[in-house]
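Engineer: Here is a sequence together with a model predicted from it:
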Amino acid sequence: MIGLSHYLVVSAALFALGVLGLLSRRNAVHVLMSIELMLNAANVNLVAFSRYAAGNLGGQVFAVFVIVVAAAEVAVALAIVLTLYRLRRTPNLDDADILKG
Amino acid sequence: MDELTRSLAWFRPETALVAGLLLVVIVDSIGGAWRGPVMRLLTVLALALALGFALELQTEGAKASLFSGMLVIDPLSVAFKLVLIAAGLLTVLAFSFRNSRELHGLGQGELFALVLALVLSCLLLAAANDIVMLYLALEMVSITSYVMVAYLKGDRMSNEASLKYVLFGAASTGSMLYGFSLLYGLAGTTSMPGIQEYLAGGIPDANRFAVYAVTLLVLAGFGFKIAAVPFHFWCPDVYQGAPTPVTALLSVLPKAAGLAIALRFFYGTLSVPEAGPWDLAGSINWKALLMLVSVLTMTLGNVAALTQTNMKRLLAYSSIAHAGYLLMGIVALSENGARGLLVYLAAYLVMNLGAFLVVTLVHLHDGSFDLRDYPGLYRRAPLLTLAMAFFLLSLVGIPPFVGFLAKLYVFAAVIEQGMGIYATIGALNAAVAAYYYFGILKVMTIDPGNEDKPALELAFADQAWLAAFALANLVPLLFWDRIESWARGALVLYAGR
Amino acid sequence: MSGEAVVFWIFATLSVASAAVVVLARTLIYSAFALLATFFGVAGLYVLLGADFLAATQILIYVGGILVLLLFGVMLTHKIYDLDLRSGTIQLASGLIVAAGLFVILAATALKTEWPTLARAPAPTTAGIGRLFLSDYLLPFEAASVLLLVALMGAAMIVRRRRDA
């Protein structure tokens, strides 16, 4: 019998994997993908709670807003990555070492 | 429909800003050589109008929940809105595309539109009453900031800073979102009063851990916005990489909005009226946690600032330290604390903007942000040095400057709650900070060097703004009782919600 | 196992396994396509949870918009003549410890907590969500339009090549 806890564990796994990518990846686009995993994990939580715990659609509406925000964030982030790439020819985070301290 | 029209009546400042934003975008797309000054005028008008509306709202003493509980309007939120709009207005007036060398030649329309959007988002954030609105407003503030920081797109350092800012910010708000999802699951609603009701109803022991997890995750998002340790890493790089007017704006607006919502969240939502109105749900020692964050923040900020030679980075670490002092207002968890927070933010606004204006003007004339190029300014630009002296003394917190008043409020609030050691640490930090603030003054006045450089010819507008900010740092002490009653009035009604 | 359980395990495994590939793969292209699979897996989970509108939105926007944008980003930012598309060294060990700890804490919290049990019977959600957008959540809905304006203007301004006076 599939219940709330199944979905919560899946989302916990997605979130943890997102954090792993965030901490261990050097390339900005990789980090961005990891952040998308974290956002999707939160969304799964929201929808699961909407279905099993809250009994209302608030969680699903919240999830739609999260998708909108994610889209805007990715657009801006990639614009910056592209500009940085043009200037430096690498979107690697570790190479972004001009600013130290 | 009734809800909508009723809410719009209280929504006047934000409406003015939206109208300004749309007009600026339209004017920018029409084109024409005249659009620069017109857009600046539109921006100033929109902000001034918003400020007027906010003052009106303050005298009306409004208390209502707007837009089906998405926003709340009460004296506290109106007081924060005044500070936020004033910050935006003063920045747009004092800094311009003329007196900032970094902005020369860059497109004007987008920046004005972004400033309006930033102020609008901060207003929405400071008054949010629902976690959906909170998350959306926080992300609006963040994304607008990311774009503004990336304005100098031809500069490599600036781009790297904005990229770090985006990724760090997205990760922090992503964590906060996960916390919010758990909170929604626990309370079954996205409305903050609803969540407060749920928490007040008593949580079973099995759920306590979830509440702890939620608070820690949410702290990630707030801490990032306020630039508190350990979420401060983006601050020096971003402040250095962004154009200085943007840095000045970012040093006040997102920080103030983040503190406003943190205050509302911790005081209004997470607190449970049990043994007094400030008892945080879960009975864990949140005070100690917040105190730790505050102490680490101010200490790290002050210690790191000691070795900086780049003025923008120095002021960035100084901002981090001040966030630590500002957090004292929240840690005190009392009416006096909230009042101290308000007064400190207003003071911080004039201190910080003044300091950044000085940095911008020096860069305009000398082309340098390095403190090692500052000797001899006493001789070359006496008004500028005098103004800077006012700002620095205010930042240290020396009477009779407004910075002293601000520190007095927060320290008193903390001592009143019996946290004497905490206040002592704050005072020690202020002493450490005095070292580098006075150091700047010493370099500007006493240090030898740059004898061959000519005097700085400041434009009249720049001189006027320097004088205005300098006076703003000195004069408020004369009106102390009015400030006191303003701050008190902002709280009395809120506590009786 | 019931049909629902089978479908759940398929989508859950798809999501988590491809998420692992996103995080651990050597090259950006592998990660991008694994992310595609993750998004589809999550969309499948939404369908199981009765969130039909959200599942469609997930595919339309996440896959059709965000992922395509990410792929553009990946394609436009590597040297075309460089065949070795390695993405740099990975500080895997410490990251794994933190992530594993985080997973244990979050999963334990989720399993231990007594969540409320107000269930919502699966039913078409589009009308309900639409109604909420225009009533309770009207302000965030409109504010989102300002957000998108800012993001659009900002991204275009950042990427634009020519200097504008």
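Structural biologist: Yes, it's here. Numbers count the residues shown, from 1 in each chain, chains lettered A, B, ... in the order given.

Engineer: Report the closest residue of the stretch 151-300 of chain B relative to chain C.
Structural biologist: Nearest residue of the stretch 151-300 of chain B to chain C: residue B:210, at 4.5 Å (C-beta to the nearest C-beta). (Glycine included, C-beta is placed from N, CA and C.)

Engineer: And the stretch 51-200 of chain B, by the same measure?
Structural biologist: Chain C sits closest to residue B:147 of the stretch 51-200 of chain B, with a gap of 3.1 Å, by C-beta to the nearest C-beta.

Engineer: so what's the residue of the stretch 151-300 of chain B closest to chain C closest to, chain neighbours aside?
Structural biologist: Of all residues not flanking residue B:210 in the chain, residue C:113 sits nearest, at 4.5 Å (C-beta to C-beta, 6 or more residues apart in numbering or on different chains).

Engineer: Hmm, the one you found is touching residue B:206, no?
Structural biologist: Yes - the pair residue C:113 / residue B:206 is scored as a contact, 5.8 Å apart, by C-beta atoms under 8 Å.

Engineer: Which parts of chain A are strands?
Structural biologist: With DSSP state E as the criterion, chain A has no strands.

Engineer: Poorly predicted segments of it, please.
Structural biologist: A:89-101 (pLDDT under 70).

Engineer: Now do the nearest residue to residue B:243 once chain neighbours are set aside against residue B:124, distance only.
Structural biologist: Excluding the flanking residues, the one nearest residue B:243 by C-beta to C-beta, 6+ apart is residue B:102, at 4.1 Å. Relative to residue B:124, residue B:102 is positioned 29 Å away (criterion: C-beta to C-beta, to the nearest Å).

Engineer: now residue B:13
Structural biologist: Applying C-beta to C-beta, the value for residue B:13 to residue B:124 is 11 Å.

Engineer: still on that earlier bit, what's the mean pLDDT across whichever strand or helix holds the residue of the stretch 51-200 of chain B closest to chain C?
Structural biologist: Per DSSP states H and E, residue B:147 falls inside helix B:131-149. When pLDDT is averaged over helix B:131-149, the result is 95.

Engineer: higher neighbour count, residue C:113 and residue B:206?
Structural biologist: residue C:113 (24 against 12; other C-beta atoms under 10 Å in any protein chain shown).

Engineer: Next, give phi and psi for the more buried one.
Structural biologist: Phi and psi for residue C:113, reported as degrees, to the nearest 10, are phi -70, psi 140.

Engineer: ok, now residue C:119?
Structural biologist: Residue torsions, per degrees, to the nearest 10, at residue C:119 are phi -80, psi 160.

Engineer: and it, what is it in contact with?
Structural biologist: A:51-53, A:55 (C-beta atoms under 8 Å, 6 or more residues apart in numbering or on different chains).

Engineer: is it true that the residue of the stretch 51-200 of chain B closest to chain C touches residue B:111?
Structural biologist: No - Residue B:147 lies out of contact with residue B:111 (C-beta under 8 Å); the separation is 9.5 Å.

Engineer: low pLDDT regions in chain C?
Structural biologist: C:1, C:79-91, C:162-165.

Engineer: For the residue in it that chain B sits nearest to, grab the count of nearby residues.
Structural biologist: Nearest residue of chain C to chain B (C-beta to the nearest C-beta) works out as residue C:154 at 3.1 Å. Neighbours of residue C:154 under the rule other C-beta under 10 Å: 26.

Engineer: ok, back up a step: from residue C:70, how far off is the residue of the stretch 151-300 of chain B closest to chain C?
Structural biologist: Distance, residue B:210 to residue C:70, using C-beta to C-beta: 33 Å.

Engineer: Repeat that for residue C:24.
Structural biologist: Computed with C-beta to C-beta, the distance linking residue C:24 and residue C:70 is 17 Å.

Engineer: Comparing these two, which residue is more hemmed in?
Structural biologist: residue C:70 (23 against 18).
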